[in-house]
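Novice: predicted model follows, preceded by the sequence.
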Amino acid sequence: MQVKIAAKTKLPTPFGEFELIGFETPSGQEHVALAMGDYADGQPVLARVHSECLTGDALFSQRCDCGPQLEAAMQKIAAEKRGIIVYLRQEGRGIGLINKLRAYAEQDKGLDTVEANEILGFLPDARDYNVAAAMLEALQVKQIRLLTNNPDKLKSLLDAGINVIERVPHKVDASPHNQHYLDTKTKKFGHLL
Ligand SMILES: Nc1nc2c(ncn2[C@@H]2O[C@H](COP(=O)(O)OP(=O)(O)OP(=O)(O)O)[C@@H](O)[C@H]2O)c(=O)[nH]1
Ligand SMILES: [Zn+2]
């Protein structure tokens, strides 16, 4: 896949100043990367491949752990003064925002995250990481230390051609609201929590 770096700017945050890089795919999708330090020097880069979660990243939802994971990734990168967050606009594990809200409504009736996706006719996880590989290549990131608890994501990134040399655990504290969600991640997706 080809991606185009469409814009680069500064992103001052409570954790330090990141470089914000905007990407466009040939089909018109938009993604961003947040970067700090010299990530193109060929040495391993601490990296998070984060899937968009409007509810968790921006609206403080406690149904999932996305917001705290994003914040923790920014903090860890700032502590090393070097790293990258590939922020993919693959909301709801690739099914889109409104379908995720429909899946939440099914969960409100008692289904878990996997069952809710399935009853709506979707795969449990419909994400595609080829665009992440293309973004890292465009930024000349040669090897990464991946912040994740998800073994499938690790495998998918390797399959997409990303040189992941290490998995760095990325656990955040559970809340009473997301405990069931995290249990499902462990039981059905094999997350190492
Ligand atoms: N379809 C669906 N998507 C969800 C649900 N809860 C969170 N998501 C989406 O899941 C994505 C985050 O993926 P997760 O499976 O939580 O975590 P991960 O990124 O695979 O694994 P880690 O790297 O360990 O965090 C985001 O796109 C969220 O919008 C849900 O109940 N249903
Ligand atoms: Zn989330």
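Specialist: Yes, it's here. Keep in mind it's a predicted model, so treat the numbers as computed, not measured. Residues are numbered from 1 along each chain as shown. Ligands and ions are numbered 1, 2, ... in the order given.
Novice: nearest residue to the middle of the protein?
Specialist: In the chain, the C-alpha nearest the mean C-alpha coordinate belongs to residue 50, at 1.2 Å (CA atoms, centre = their mean).
Novice: how about stretch 74-92 against ligand 2, any contact?
Specialist: No. Remark: stretch 74-92 sits outside contact range of ligand 2, by CB under 5 Å from the ion, the gap being at least 8.5 Å. No exception for glycine: its C-beta is placed from N, CA and C like everyone else's.
Novice: end to end, how far does that stretch reach?
Specialist: End-to-end distance for stretch 74-92, by CA to CA, to the nearest Å: 21 Å.
Novice: for stretch 8-24, same thing?
Specialist: 12 Å.
Novice: flag every buried residue along it.
Specialist: Applying a neighbour-count criterion of 16 or more other CB atoms under 10 Å, the buried positions in stretch 8-24 are 15, 18, 19, 20, 21, 23.
Novice: follow-up on the earlier one: element containing the residue lying closest to the residue nearest to the centre of the chain once chain neighbours are set aside?
Specialist: Spatial nearest neighbour of residue 50, chain neighbours left out: residue 87 (5.2 Å); criterion: CB to CB, 6 or more residues apart in numbering. For residue 87, the element it lies in under DSSP states H and E is strand 83-88.
Novice: quick one: strands adjacent to that strand?
Specialist: Counting by DSSP bridges, the strands paired with strand 83-88 are strand 30-36 (antiparallel), strand 45-51 (parallel).
Novice: just name the most buried of those.
Specialist: Most buried of the strands paired with strand 83-88 by mean neighbour count (mean count of other CB atoms under 10 Å) is strand 45-51; its value is a mean of 25.
Novice: picking up where we left off before, okay, the strands paired with strand 83-88 in JSON lines with distance to ligand 2 next?
Specialist: What follows is these, written out as JSON lines (distance: least, CB to the ion, whole Å):
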{"stretch": "strand 30-36", "distance to ligand 2": "17"}
{"stretch": "strand 45-51", "distance to ligand 2": "8"}
